[in-house]
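> missing the sequence, but the structure's below:
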């Protein structure tokens, strides 16, 4: 199964050589699950020619706000709507979670609750799942038809499921602690409140449940593909 990675942003240049860019992280994160990958850097206006150029699409994080005026956002939203209408499965992480919601009629804002960084505990239907996060924006109104699959004290709509068409999460299951530390060192100074950074530093080294999310992404992609074949 070919997964098209729609790269919506880049990791900090200071970290890229040692820790990789966002597509590298996702290939490591899902690399043992039988997928093939191809990357399109949509932030740089590199888009697939067709929504069927991959069997499923994964949208990465980004420094940009989904509501901001950037050239790549309108065509990306159009691509999302066309893929969704054709039942080509979509997975979104952080910005990807937000832009899918916005494209399908939801609302994303710079959340008045502020930043969420480092290890966070999420409730996935009664299962506690600890994942790394790095965001200020949030979905505040999910689209019609989206079901809330995960939430936390600081993020009400932390995971959304759209039937067999889209599966999205606000946190970053692909982020390891070394990358979060790198973000704290390169992007946080004067931006993220120090008490949040101290709290994130204090939770470094705790067990993350990234494999739980990798399992769910794998199952979603493969079940969606089976459903599409059955309907053909």
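Done, it's in. Since we're looking at a predicted model, the values are computed, not measured. Numbering: from 1, shown residues only.
> residue ranges with poor pLDDT in this structure?
Along the chain, the parts satisfying pLDDT under 70 run over 226, 228-232.
> what about the helices in it?
13-19, 22-30, 73-85, 95-103, 177-186, 194-202, 210-231 (DSSP state H).
> and the ones you listed: which comes nearest residue 47?
The closest of these to residue 47 is helix 73-85. By CB to CB, the value is 6.1 Å. (C-beta placed from N, C-alpha, C; glycine too.)
> list the buried residues for the closest one?
Across helix 73-85, burial judged by 16 or more other CB atoms under 10 Å covers 73, 76-77, 79-80, 83-84.
> coming back round to it: with distance to residue 55 added, can I get the helices of the chain in a markdown table?
Shown next, in a markdown table, are the helices of the chain (distance: least, CB to CB, whole Å):
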| stretch | distance to residue 55 |
| --- | --- |
| helix 13-19 | 28 |
| helix 22-30 | 13 |
| helix 73-85 | 11 |
| helix 95-103 | 17 |
| helix 177-186 | 28 |
| helix 194-202 | 36 |
| helix 210-231 | 6 |
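> tell me the most buried of those helices?
helix 95-103 (a mean of 27; mean count of other CB atoms under 10 Å).
> let me know which of the helices of the chain is the nearest to residue 119.
helix 194-202 (6.9 Å).
> who are the neighbours in contact with residue 5?
By CB atoms under 8 Å, 6 or more residues apart in numbering, the contact list for residue 5 reads 22-23, 26-27, 37-40, 57-58, 60.
> ok, it to residue 74 distance?
20 Å (CB to CB, to the nearest Å).
> what do you get for residue 52?
Counting by CB to CB, the gap from residue 52 to residue 74 is 21 Å.
> same thing with residue 141?
Counting by CB to CB, the gap from residue 141 to residue 74 is 20 Å.
> again, but for residue 119
To residue 74, residue 119 is 35 Å away according to CB to CB.
> residue 225 too?
Going from residue 225 to residue 74 by CB to CB gives 28 Å.
> so the most centrally placed residue in the chain bridges to which residues?
In the chain, the residue lying closest to the centroid (CA atoms, centre = their mean) is residue 93, at 0.4 Å. Here residue 93 sits in beta bridges with residue 169, going by DSSP bridges.
> hang on, it packs against residue 30?
No: assessed by CB atoms under 8 Å, residue 93 is found out of contact with residue 30, at 11.1 Å.
> one step back: list the contacts for the residue nearest to the centre of the chain?
26, 58-61, 168-169, 172-174.
> looking at the residues you listed, which is nearest residue 195?
The shortest approach to residue 195 among the contacts of residue 93 belongs to residue 172, at 20.8 Å (CB to CB).
> contacts only, for that closest one.
By CB under 8 Å, 6+ apart, the neighbours of residue 172 are 61, 93-94, 131-134.
> need these in TSV with distance to residue 109, can you?
Shown next, in TSV, are these (distance: CB to CB, whole Å):
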residue	distance to residue 109
61	17
93	19
94	15
131	22
132	22
133	17
134	17
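> buried set for stretch 41-61?
Applying 16+ other CB under 10 Å to stretch 41-61 flags 41-43, 47-48, 51, 54-61 as buried.
> turn those into CSV, columns for distance to residue 159.
Formatted as CSV, the buried residues of stretch 41-61 follow (distance: CB to CB, whole Å):
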residue, distance to residue 159
41, 26
42, 23
43, 24
47, 26
48, 25
51, 24
54, 22
55, 22
56, 17
57, 17
58, 15
59, 14
60, 16
61, 15
